[in-house]
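Participant: sequence and predicted model, in that order:
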Amino acid sequence: ERSVKLAPSLLSCDFSRLGEELAVLGGEGGADWAHVDVMDGLFVPNLSFGLPILSAARRVSPLFMDVHLMIERPERLLRDFAGAGADGLTVHVEATAHIHRAVGQIKELGKRAGVTLNPGTPLEAVRPVLGDVDLVLVMSVNPGFGGQRFIPGSLERVRTLRRWLDEIGSAAELQVDGGVTPANARALADAGASCLVAGSAVYGPDGARAGLARLRAVLGE
Ligand code: DX5
Ligand code: ZN
């Protein structure tokens with residue numbers, strides 16, 4: 001297993017060729033996970049895709065489906081997303097009054113539970129559930145759109161969460177999402193990130209395989 005996982009965001013792929021895009025990610029020089037960005041037009045000011053697209057992806061790909069739920073009150077739909085083929089479900093602390101319950105529900109469904117927070121939310125908001133989750137996601141842009149610029153203060157947030165996770169002996173994945181490029185991937189790994197999401201940096205004009213190779217090169221992998 002690689003030391004830093006790469007999770008391309010399908011949001012930036014060509015939806016008209018979803019099967020082929022997933023085959024590239026699953027092939028030689030491909031991805032560790034597929035990152036699936038679900039947006040509801042309420043929690044974030046954009047709509048992406050939902051259950052039917054996840055089911056379709058699941059049908060054609062054995063990749064780990066890492067589902068990032070940018071939706072209000074995610075507990076309404078956790079069972080449906082688990083049924084549609086999610087392997088991991090990540091919920092925002094800002095989207096529910098009951099983050100602890102939502103995390104418990106994901107685990108009861110037999111899926112990997114993730115928690116995340118927007119760049120403007122104090123890290124303390126996730127601290128009470130750090131011992132319960134399999135993944136913590138640091139949003140390094142305001143969620144809603146691919147192709148935004150990395151917010152520099154996110155690096156320090158990764159360092160702090162790395163320290164908190166180590167302090168409690170947690171092996172949870174520490175993931176970063178938003179504006180990840182070959183220019184900051186190394187620094188993020190050094191700060192303690194174990195999984196990098198990348199959309200536009202992977203799906204450049206020369207395709208996902210080349211984009212992944214550029215990230216692996218700076219990671220020394
Ligand atoms: C942002 C999404 C991200 C996004 C990443 O709302 O959660 O996963 O697609 O795209 P890039 O890497 O282009 O910032
Ligand atoms: Zn995402």
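Facilitator: Yep, that arrived. Ligands and ions are numbered 1, 2, ... in the order given.
Participant: and the chain, which residues reach ligand 2?
Facilitator: Within reach of ligand 2 by CB under 5 Å from the ion, the chain has these residues: 37, 68, 177. Placement of C-beta: from N, CA and C, glycine included.
Participant: the first one bridge partners, please.
Facilitator: Think residue 37. residue 68 (DSSP bridges).
Participant: state the distance from it to residue 68.
Facilitator: In this view, residue 37 and residue 68 are 5 Å apart by CB to CB, to the nearest Å.
Participant: and residue 77, what does it touch?
Facilitator: Counting by CB atoms under 8 Å, 6 or more residues apart in numbering, residue 77 touches 51, 69, 71.
Participant: returning to what we had before: now, which of the residues of the chain next to ligand 2 sits nearest residue 114?
Facilitator: When the residues of the chain next to ligand 2 are ranked by distance to residue 114 (CB to CB), residue 68 comes first, at 7.9 Å.
Participant: pretty sure that closest one contacts residue 176?
Facilitator: No: applying CB atoms under 8 Å, one finds residue 68 not in contact with residue 176, separated by 12.0 Å.
Participant: quick one: common contacting residues for those two?
Facilitator: Each of 137, 197 lies in contact with both residue 68 and residue 176 under the rule CB under 8 Å, 6+ apart.
Participant: the two - which one has more neighbours?
Facilitator: residue 176 (30 against 27; other CB atoms under 10 Å).
Participant: contact partners for that one?
Facilitator: Applying CB under 8 Å, 6+ apart to residue 176 gives the contacts 137-138, 140, 154, 158, 188, 193, 195-197.
Participant: of those, which belong to strands?
Facilitator: 137-138, 195-197 (DSSP state E).
Participant: can I get those in CSV with pLDDT?
Facilitator: Formatted as CSV, the ones in strands among the contacts of residue 176 follow (pLDDT from 0 to 100):
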residue, pLDDT
137, 99
138, 99
195, 98
196, 98
197, 99
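Participant: closest one of those residues to ligand 1?
Facilitator: Checking these against ligand 1 with CB to the nearest ligand atom, the nearest one is residue 197 at 5.0 Å.
Participant: for the closest one, give me its contacts.
Facilitator: Taking CB under 8 Å, 6+ apart, one finds 7-9, 35, 66, 68, 137, 175-178, 180 in contact with residue 197.
Participant: beta partners of it?
Facilitator: Beta-bridge partners, per DSSP bridges, of residue 197: residue 7, residue 177.
Participant: state the mean pLDDT of stretch 51-64.
Facilitator: Taken as a whole, stretch 51-64 carries a mean pLDDT of 98.
Participant: ignore the last one, stretch 5-18
Facilitator: For stretch 5-18, the mean pLDDT works out to 98.
Participant: can you check stretch 110-129 too?
Facilitator: Here the average pLDDT along stretch 110-129 is 98.
Participant: from start to finish, how long is that stretch in a straight line?
Facilitator: 17 Å (CA to CA, to the nearest Å).
Participant: anything in that stretch near ligand 1?
Facilitator: No: using CB under 6 Å from any ligand atom, we find that stretch 110-129 stays clear of ligand 1, coming within 8.8 Å at best.
Participant: name the residues of the helix ranked longest in the chain that are buried.
Facilitator: Secondary structure of the chain read by DSSP state H shows that its longest helix is helix 154-167. By 16 or more other CB atoms under 10 Å, the buried positions in helix 154-167 come out as 154-155, 157-158, 161-162, 164-165.
Participant: now those residues in JSON lines, with distance to residue 41 and pLDDT?
Facilitator: Formatted as JSON lines, those follow (distance: CB to CB, whole Å; pLDDT from 0 to 100):
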{"residue": "154", "distance to residue 41": "25", "pLDDT": "98"}
{"residue": "155", "distance to residue 41": "30", "pLDDT": "98"}
{"residue": "157", "distance to residue 41": "27", "pLDDT": "99"}
{"residue": "158", "distance to residue 41": "29", "pLDDT": "98"}
{"residue": "161", "distance to residue 41": "29", "pLDDT": "98"}
{"residue": "162", "distance to residue 41": "33", "pLDDT": "98"}
{"residue": "164", "distance to residue 41": "33", "pLDDT": "98"}
{"residue": "165", "distance to residue 41": "32", "pLDDT": "98"}
